[in-house]
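**Student:** Could you look at this predicted model? Sequence included:
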Amino acid sequence: MIGALMKKDFYINGIYYLIISALIPLFYVMEVDQHYLYYGIMIGFLFNLFYYDHRNHVNRFIGSLPVKLRNVVWARYITMFLILVCFILYVRLVDSLAHYGLPYLEFQPMTALEIMILFTSISITIAVSMPIYYLVKTFMKAIGIQMGLLLFSTFTFAIMIGNDYITFYEPLLLGVFKLIDIQPYLMLTLISLLFLYLSFLLSAWIYTKKAKV
């Protein structure tokens, strides 16, 4: 059943795959700063998955099937994780080819560590966003909360970094950096998986509890 749910999720994003596959190389040709766009692309994948379910009342149908609700959530998380991995690998490939074939590019190729940091930061974004869709019944309200939370967190982080008088977070941040320095690739992978797993536990709990009401 998990495989069938994942197949459904992959299928409904078919057109989106083609669009993104064409847009990312175009970003390099046009010398557009892609980093913030990458987050938007992954949020777009997430939006598509839940929008399709909302529009076609998929949750109501799945609720009538003899399937564990926890597995329904698990299938979605696996799907998003695989989409993210494929997306990061594609970005890595396009970035390498672009700097080989487009000599006029002024910015440097992304290093393996930068790619890993991008993977981790997007993983955290997904981990924070997904429980919102399971918690909020109104789809558009969920979108609003998600966007508001992302904008608020970005704005707050920018203020904290730019203000010399706000230093309470520095010991925690320093501790995280020291932890990552032990083995950057391994630790960033573990952090990504930890956030996604905790997010899954929360989403599964919300989804199961709402189904029983």
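**Tutor:** Sure thing, it's come through. Residues are numbered from 1 along each chain as shown.

**Student:** Any regions of this structure where pLDDT drops low?
**Tutor:** Applying pLDDT under 70 to the chain flags the ranges 1-2, 33-34, 54-67, 101-102, 104-107, 139, 154-177, 211-213.

**Student:** ok, now with 80
**Tutor:** 1-14, 28-36, 51-69, 98-109, 137-144, 146-182, 210-213 (pLDDT under 80).

**Student:** Residue 49 in helix, strand or coil?
**Tutor:** The three-state label given to residue 49 by DSSP: H, G, I helix; E, B strand; the rest coil is helix.

**Student:** who touches residue 77 in this structure?
**Tutor:** 130, 196, 199, 200, 203 (CB atoms under 8 Å, 6 or more residues apart in numbering). For glycine as for every other residue, the C-beta is placed from the backbone atoms N, C-alpha and C.

**Student:** From the centroid of the protein, which residue is nearest?
**Tutor:** In the chain, the C-alpha nearest the mean C-alpha coordinate belongs to residue 126, at 3.4 Å (CA atoms, centre = their mean).

**Student:** correct me, but that one touches residue 196?
**Tutor:** Yes. With contact defined as CB atoms under 8 Å, residue 126 reaches residue 196; the gap is 7.0 Å.

**Student:** Secondary structure element holding the residue lying closest to residue 41 once chain neighbours are set aside?
**Tutor:** Leaving out its chain neighbours, the residue that sits closest to residue 41 by CB to CB, 6 or more residues apart in numbering is residue 20, at 5.7 Å. Using DSSP states H and E, residue 20 maps to helix 14-29.
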